[in-house]
Each structure stands twice: as structure tokens, then as C-alpha cells.
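Chemist: show me the folded form of this:
(one chain, ligands or ions: 2)
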Amino acid sequence: MSGKGGVGKSVLAVNLGAVFTKHGRKSVVVDADVNSPSVGLQLGIPYTNIGLQNILHERKQFQDAIIAHPATGLRILPASLKYMRGVSLKNFNRVISEANKAYEFTIIDSPPGITEDVLHIINASEELVVITTPDVPSVSGAIKVISLCKACKKRIHGVVVNRCTDASFELTAREIESMTEVPVLVRLPEDDSIPASIAAHLPVVHYAPDSAVSRKLNEFALSFVESGQPKTQGGGLITRLFAFIRGIFA
Ligand SMILES: Nc1ncnc2c1ncn2[C@@H]1O[C@H](COP(=O)(O)OP(=O)(O)OP(=O)(O)O)[C@@H](O)[C@H]1O
Ligand SMILES: [Mg+2]
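Modeler: Ligands and ions are numbered 1, 2, ... in the order given. Prediction:
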């Protein structure tokens, strides 16, 4: 989930799925962004006969829509790029219960912001990971999504901070924890190997496995596999420095 768009949700979803698959764990990445699907595009699978929209509205079978990424074996449930009027995720939980029966890990790639569809995605999910970049507008968006998840009584695993450069003006993990009141799970660096991997239609953990971002993604994904719970980063004392921003969205 994220408040703002373009912060790295789809990249994260694809790479979590790729690491789980690499380690022999049955997993599927579901593209729930029906208005702007990108999971298939990132992997070079733009066309699909059956997409999430067809399962939701035409009662097509869940298993018939699953595609295996040829180079990695990663399973995806794509959303169709074809425009379909009036698509709603009202019955999304039905799709997710099907996925949960067949896969150990169902990773849902959400659209940004707070919409009816996002609400359906939150309700269909067991646990939520919120992603942000280390700047105030993006973290402010994350705070809104977090309050929505809390209102839905959903478990929030934590926050992933993406595109970190360690510039002095960036918010630190501790500041982000203070603003969101949620632990930072991992900080992913800004890395050109990500756009390069998308151009090569591969998850970055395959395209550049030794890059700094791939090592972090790998470690983060394995924290789910090994303990069932991701480790936190940048924890410790949570300061109240940014409580005023949190207050605005309370
Ligand atoms: N750590 C990173 N370093 C460099 N580029 C990155 C990084 N993470 C993501 N990007 C770039 O940012 C762009 C947006 O990423 P992505 O599509 O995953 O965002 P999103 O949150 O899913 O966007 P949307 O809200 O539109 O669905 C991608 O084109 C990708 O190349
Ligand atoms: Mg996306």
C-alpha cells in the first residue's frame, strides 16, 4: 500500500514474489491495480486472455488466469490492460481466498491512495506493508493509509522506505517511525539496476543479484520466510519530533 503513487509498490511486490519463488515457496503476485496494471509489464508479459477484471466480473476461473514468468517461474495473476467499464474490487476477497488455498504467499500489488478499491484490498488482506519514499509528502500519504488500515483493524507489518540516498535532507528511519508510529522494516537504496531490470523484464533480484538493493530485497523477503515476521530496522527510541504532522492526519 502507499499514499502516493510511484513509490515502488509494484517493484517490491514483484521482487518479494521472485525471492519466495527462488526459495521454492509457492507464491503468486496479484496485480490489483486494475486501472494502471504494471506487474505483467514489468515482467514483459503485457497480454493476457484472462485478467483480474475477468475473474471479478465474468466469473472466469482463478487458476486459468495465472501466468508463469518464463525466465523465473514467478506466478502472477495479471490485471488486463484492456479498459473495462465499471470494474470494482467488491468481490476481491473471493479471489484472494482462492489464491490463499493454492499458494503459501499471496502478494497483492495495490494502487496508490485511498479509494473504494483500496478499501476492498485492505479488507481482503491478512497483513499490510506500507511503502514510502523518505520525504514528508510521501510519508504524509503513508500516514493516511496506515490510519485506514488501523480503522479496518488490519495488522500492519510495517513501513518500507524506498529510494533512499542518505542525503542529509531525507527523513531518517527513526523520523519516519515517529511520524507513522509503525516500525520501519527496511530501507531500500535508490539504484539504477531497478529501472534497468524493468527494461530487461526481470525482477532486480535476478537481473542484478549482487546489487545493494537486491541484497536488501532478498534479506527482507527471507525475513518473512524464516520467521513469519519481518525484522525491523532503525528501531529503538522513537522520538516525538514529527508528531505534529501525524496529528494533522489523525
Ligand atoms: N529503489 C529504486 N531505485 C531506482 N528506481 C526505483 C526504485 N524503486 C522504484 N524505482 C522506479 O520507480 C518507478 C515506479 O516504481 P513502481 O512502479 O514500483 O511504483 P508504484 O508505487 O507501483 O507506482 P504506482 O503507484 O503508479 O502503481 C519504476 O519505474 C522504477 O524504475
Ligand atoms: Mg504499481
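Chemist: buried ones in the longest strand belonging to the chain?
Modeler: Taking DSSP state E as the criterion, the chain has its longest strand at strand 155-164. Buried residues in strand 155-164, counted by 16 or more other C-beta atoms under 10 Å: 156-164. Backbone N, C-alpha and C define where each C-beta goes, glycine included.
Chemist: pull up the pairing partners for that strand, direction included.
Modeler: strand 127-132 (parallel), strand 184-189 (parallel) (DSSP bridges).
Chemist: got the contact list for it?
Modeler: Outside strand 155-164, the residues within contact range by C-beta atoms under 8 Å, 6 or more residues apart in numbering are 7-8, 11-12, 126-134, 142, 146, 149-150, 170-171, 173, 176-177, 180, 182-190, 220, 229-230, 232.
Chemist: and for Leu16, the neighbour number?
Modeler: Look at Leu16: counted by other C-beta atoms under 10 Å, it has 24 neighbours.
Chemist: also Glu58?
Modeler: Using other C-beta under 10 Å, the number of residues around Glu58 comes to 9.
Chemist: for it, what are phi and psi?
Modeler: Main-chain torsions, Glu58, degrees, to the nearest 10: phi -120, psi 10.
Chemist: the longest strand of the chain near ligand 2 anywhere?
Modeler: No - if you take C-beta under 5 Å from the ion as the test, strand 155-164 misses ligand 2, and the best it gets is 11.9 Å.
Chemist: just the mean pLDDT for that strand, thanks.
Modeler: The pLDDT scores in strand 155-164 average 97.
Chemist: spell out whether that strand and ligand 1 are in contact.
Modeler: Yes - residues of strand 155-164 are located near ligand 1 by C-beta under 6 Å from any ligand atom, namely 162-163.
Chemist: what helices and strands are in contact with the helix or strand just after that strand?
Modeler: Using DSSP states H and E, the next helix or strand after strand 155-164 towards the C-terminus is helix 173-180. Using 3 or more C-beta pairs under 8 Å, 6 or more residues apart in numbering; DSSP states H and E, the elements in contact with helix 173-180 are helix 136-151, strand 155-164, strand 184-189, helix 243-249.
Chemist: tilt between helix 173-180 and helix 136-151?
Modeler: Angle of helix 173-180 versus helix 136-151, following axes from the mean of the first three to the mean of the last three C-alpha atoms, to 10 degrees, is 50 degrees.
Chemist: can you give me the buried ones in helix 173-180?
Modeler: Buried residues in helix 173-180, counted by 16+ other C-beta under 10 Å: 173-180.
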